[in-house]
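Colleague: Sequence first, then the predicted structure, then my questions.
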Amino acid sequence: MTDFEKVYKEYFNDVYLYIKRLSGDEHIAEDITSETFFKALKSIDSFRGECEIRVWLCQIAKNSYYTYIKKNSKIQNVEEAELVNLPDNKNNVADEVANKMQALAIQKILEELEEPYREVFMWRVYAELSFKEIASIFNKNENWACVTYHRARNQIKKRLEEKER
């Protein structure tokens, strides 16, 4: 087994689940994940090891997904795509409508959120990266990533509360 086969076996599921969460679609996740590993195989020699390989693969996957969105223009903006897979409570129609309304409110808040808060929040929530992994993406320390995430979360929570008034 080659080193790249080991990487593929170890990280395929992480990349797939990340893209599935972003897209909300299994088929898109499969396509983007395959494309990600193809791109990674072609450019593995340029991987400098400045971050974990999982983070590197997720960055490739995210960029491939955004390119897919632009090419297919089925989704008007990235935040909408990221919020498609919010948990649904299918117990009744009222709950489902409330969840969709909250998803739209969160989408608008994410659009307004300044960087790096938005990006850190997305890496933590949608990619489920650790603070250490997020810190390595931004070339910062773990404490910075943790504080930035919590500030982003608090901003989102505060803005949601303001909209409910």
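Modeller: Received the coordinates, thanks.
Colleague: how much distance is there from the helix or strand where K6 lies to the middle of the chain?
Modeller: Using DSSP states H and E, K6 maps to helix 3-23. Distance of helix 3-23 from the chain centroid (Cα atoms, centre = their mean, to the nearest Å) equals 13 Å.
Colleague: Over to stretch 129-149?
Modeller: 15 Å.
Colleague: follow-up on the earlier one: helices or strands next to the following helix or strand past the helix holding K6 in the packing?
Modeller: The C-terminal neighbour of helix 3-23 among helices and strands, as given by DSSP H and E, is helix 26-43. Contacts defined by 3 or more Cβ pairs under 8 Å, 6 or more residues apart in numbering; DSSP states H and E place helix 26-43 against helix 3-23, helix 53-72. (Glycine included, C-beta is placed from N, CA and C.)
Colleague: Please identify which of those helices is closest to N154.
Modeller: helix 3-23 (22.5 Å; Cβ to Cβ).
Colleague: ok so, going back, can you list contacts of the helix holding K6?
Modeller: 26, 28-30, 32-33, 36-37, 40-41, 44, 53-54, 57-58, 61-62, 65, 81-82, 84-85, 126-128 (Cβ atoms under 8 Å, 6 or more residues apart in numbering).
Colleague: Buried members of those residues into PyMOL, please.
Modeller: Buried members of these, identified by 16 or more other Cβ atoms under 10 Å, are gathered into one PyMOL selection as follows:
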select buried, resi 28+29+32+33+36+37+40+54+57+58+61+62+65+81+82+126+127
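Colleague: before we move on, the earlier item: can you list the buried residues in the helix holding K6?
Modeller: So, applying 16+ other Cβ under 10 Å, buried residues of helix 3-23: 7-8, 11, 14-16, 18-23.
Colleague: Does anything pack onto the helix ranked longest in the chain? Which helices or strands?
Modeller: The helix that spans the most residues within the chain, counting by DSSP state H, is helix 142-164. Here helix 142-164 touches helix 93-112, helix 117-126, helix 131-138, going by 3+ Cβ pairs under 8 Å, 6+ apart.
Colleague: got the end-to-end distance for stretch 42-58?
Modeller: 16 Å (Cα to Cα, to the nearest Å).
Colleague: For the helices and strands packed on helix 142-164, give me JSON lines that also has distance to C146 and mean pLDDT.
Modeller: Formatted as JSON lines, those follow (distance: least, Cβ to Cβ, whole Å; pLDDT from 0 to 100):
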{"stretch": "helix 93-112", "distance to C146": "19", "mean pLDDT": "70"}
{"stretch": "helix 117-126", "distance to C146": "9", "mean pLDDT": "82"}
{"stretch": "helix 131-138", "distance to C146": "5", "mean pLDDT": "86"}
